[in-house]
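Undergrad: The following comprises the amino acid sequence and a computationally predicted model.
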Amino acid sequence: MLHTIGALLTAAALVLATRPAHAAASCESLTALTASPGGAPLQVTLAQPVAAGAFTAPAGVPDGPAGASNPYLTLPSFCRVAMTLRPGPTSDVKAEVWMPVTGWNGKLQVAGNGGFAGTIGYRALATALAAGYAAAGTNTGHTGPAANTFATEDATLDFAYRAVHETAVAAKQAVDGYYGAAPKFSYFNGCSTGGRQALTAAQRYPDDFDGIVGGAPAIFTTKQAFGQIWFHQAIALGEGAIAKEKLPLIHDAVLAACDTLDGAKDGVLENPLACTFDPGVLACKPGAASESCLTAPQVESVRKVYAGATHATTGEKIFPGLERGSELGWSPVPVSYAVDYFKHVVFKNPSWSPASLGFGVDVAEAYPAAHQIFDANDPRLGAFAGRGGKLLMYQGWAEPGIPPGHIVNYYAAVKAQTAGAESAVRLFMVPGMGHCGGGDGASTFDMVPALDRWVETGTAPERIPASRVRNGKVDRTRPLCAYPRYARYSGTGSMDDAASFICAAPEKPSAFSLSPLGTALAKGQRPKARG
């Protein structure tokens with residue numbers, strides 16, 4: 001009898017644990033959710049409580065690098081809701097919403113994707129949940145390799161812009177059903193493809209989110225892919241090919257010329273746009289050892305990477321180049337996203353090779369109107385800013401894939417064309433950081449708390465703390481400064497301590513002038529493909 005009573009009490013405790021304080025419904029009852037007005041048809045395929053530390057990522061889903069720590073072990077108990085959304089007749093968008101049983105901060109955070117997506121980012125959901133948010137994510141409408149992104153028209157449209165929007169709508173409905181209250185604020189946080197999703201939300205669906213973080217945004221996919229193949233050809237093909245062993249030679253020469261421009265000789269360029277290093281200084285002289293210099297074709301290849309893609313006949317600037325200081329991240333292997341884009345979108349030939357795309361190719365092949373659904377470079381954010389939305393963008397200056405010059409250009413265009421941009425948009429450039437992380441700079445930071453304070457208090461962030469972590473330990477801290485300011489050494493104190501740096505205005509504002517692409521955006525002109 002006592003055993004039976006104990007079992008009943010335990011069962012009752014488990015039931016109560018699936019409900020937050022003042023809950024409107026149990027977790028299991030959320031299987032009854034259907035589409036809200038204006039939302040896509042949805043089917044809840046799973047609604048179940050997950051005990052603290054008990055979550056395991058589904059088998060076969062990429063879940064972080066080998067040897068990475070398990071972020072799920074320290075998670076609190078939460079309600080896990082999985083659903084299928086169908087914004088189009090053949091759509092198959094998978095989404096999940098995680099809601100903490102206790103300690104909910106009253107807000108929703110939707111996580112972005114990388115590459116061509118195809119999976120839900122469970123680690124991103126764990127990070128948001130651990131911080132007290134209800135969290136949501138999507139596979140964007142397909143699973144598996146990049147080719148599946150284009151298997152159907154609906155899959156392509158869902159990846160391009162529909163999946164994140166529909167996930168946000170459905171997640172708010174699930175939150176309201178579980179807690180009995182809609183989220184006080186809704187945020188989006190993503191990098192790379194997630195950065196494109198961030199800007200897509202601000203441009204296409206300005207009512208979805210109160211605050212948006214967009215890192216290294218791939219917002220001009222069509223020309224970006226062309227530019228990335230340009231880098232590959234310059235670095236890896238022909239007489240000008242640069243062996244990986246020579247990249248430190250170029251990087252060291254850049255540092256020798258420009259490292260102290262920010263007042264600190266520390267191996268990182270805080271303000272690379274002020275650096276005018278020319279690789280011609282490394283040109284081989286008669287009798288010089290080949291490993292200590294660059295051949296004439298190699299000098300031209302480095303110049304091509306810095307300059308960015310241009311049309312061989314017209315000289316039209318197609319896309320910005322990589323910045324000085326990024327050399328250690330250059331790779332002879334082409335960016336897979338660009339290769340897949342040309343294979344499956346431009347030429348529809350899975351056997352296509354980057355070697356077949358000449359420097360003089362007509363860029364119109366890569367930039368027809370039909371492919372512009374992947375672009376999110378409209379600088380007119382008036383609807384988002386007008387309702388009080390806040391957009392925080394960031395990118396690494398040492399980015400080797402998506403040229404940081406494009407986000408600089410885009411930010412200038414937004415400020416020129418969006419009323420109220422000064423109170424709605426901020427850009428933070430991260431010195432020494434590669435693509436969404438890594439590199440020699442202070443690349444460990446969290447933009448969400450700064451965004452949250454901005455949304456809650458109206459105080460825009462001017463500095464964001466960042467650290468460099470090596471071998472599991474912090475060995476340097478730096479302030480990330482709201483662009484165009486940059487961290488400059490004050491002249492006293494440790495160069496590894498953020499307290500020794502001020503956020504300074506650039507000494508040469510002209511160094512931050514727009515490229516032809518940025519000028520066109522600022523004037524409200526959509527860049528045109530030219531033959």
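TA: In hand now; what should we look at?
Undergrad: CA only for contacts and neighbour counts going forward, please
TA: Will do.
Undergrad: so how many other residues sit close to residue 186?
TA: Applying other Cα atoms under 10 Å, we find 25 residues neighbouring residue 186.
Undergrad: So, low pLDDT: which residues of the protein?
TA: 1-23, 356-371, 508-531 (pLDDT under 70).
Undergrad: what about the strands in it?
TA: Per DSSP state E, the chain carries strands over the ranges 42-50, 78-85, 93-100, 107-111, 134-138, 185-191, 211-215, 390-396, 425-430, 463-470, 473-481, 486-489, 501-504.
Undergrad: Contacts for the fourth one next, please.
TA: Counting contacts by Cα atoms under 8 Å, 6 or more residues apart in numbering, the residues outside strand 107-111 that touch it are 121, 124-125, 128, 133-137, 168, 172, 183-190, 194.
Undergrad: Buried ones among those residues?
TA: 121, 124-125, 128, 133-137, 168, 172, 183, 185-190, 194 (16 or more other Cα atoms under 10 Å).
Undergrad: Please report how far the most centrally placed residue in the chain lies from residue 115.
TA: Nearest to the mean C-alpha position of the chain, by Cα atoms, centre = their mean, lies residue 191 at 1.4 Å. The gap separating residue 191 from residue 115 is 10 Å, by Cα to Cα, to the nearest Å.
Undergrad: Test my guess that residue 284 contacts residue 295.
TA: Yes - judged on Cα atoms under 8 Å, residue 284 makes contact with residue 295 at a distance of 5.7 Å.
Undergrad: Ignoring the adjacent residues along the chain, who's closest to residue 337?
TA: residue 115 (6.3 Å; Cα to Cα, 6 or more residues apart in numbering).
Undergrad: can you give me phi and psi for that neighbour?
TA: phi 50, psi -140 (degrees, to the nearest 10).
Undergrad: That one: neighbouring residues, count only.
TA: So residue 115, with other Cα under 10 Å, has 15 neighbours.
Undergrad: can you check residue 342 too?
TA: With other Cα under 10 Å as criterion, residue 342 counts 24.
Undergrad: hmm, back to that, list the beta-bridge partners for the residue nearest to the centre of the chain.
TA: Judged by DSSP bridges, the bridge partners of residue 191 are residue 215.
Undergrad: For this structure, just list every one of the helices.
TA: In the chain, the helices defined using DSSP state H lie at 2-17, 122-130, 153-157, 163-179, 193-204, 221-236, 247-258, 296-307, 336-341, 382-386, 404-417, 447-457, 516-522.
Undergrad: Please name every helix or strand in contact with the longest one.
TA: Applying 3 or more Cα pairs under 8 Å, 6 or more residues apart in numbering; DSSP states H and E, one finds that helix 163-179 makes contact with strand 93-100, strand 134-138, helix 193-204.
Undergrad: Return the distance of stretch 160-177 from the chain's centre.
TA: How far stretch 160-177 lies from its chain's middle: 20 Å, per Cα atoms, centre = their mean, to the nearest Å.
Undergrad: Repeat that for stretch 424-444.
TA: 11 Å.
Undergrad: could you dump it to CSV, C-alpha only?
TA: What follows is stretch 424-444, C-alpha atoms only, in CSV (Å, rounded to 0.1, in the frame of the first residue of the first chain):
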residue,chain,number,x,y,z
ALA,A,424,17.8,51.0,-34.5
VAL,A,425,21.0,49.5,-36.1
ARG,A,426,24.6,48.9,-34.8
LEU,A,427,27.6,47.2,-36.4
PHE,A,428,30.5,45.6,-34.5
MET,A,429,33.6,44.5,-36.4
VAL,A,430,35.7,41.9,-34.6
PRO,A,431,39.4,42.3,-35.2
GLY,A,432,41.3,39.1,-36.0
MET,A,433,38.2,36.9,-36.1
GLY,A,434,37.5,34.5,-38.9
HIS,A,435,34.1,33.2,-40.1
CYS,A,436,31.8,33.4,-37.1
GLY,A,437,34.6,32.7,-34.7
GLY,A,438,38.2,31.6,-34.4
GLY,A,439,41.3,33.5,-35.4
ASP,A,440,43.9,35.4,-33.4
GLY,A,441,41.5,38.1,-32.0
ALA,A,442,39.1,38.2,-29.1
SER,A,443,36.4,36.1,-30.8
THR,A,444,34.5,34.9,-27.8
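Undergrad: Understood, closing this out.
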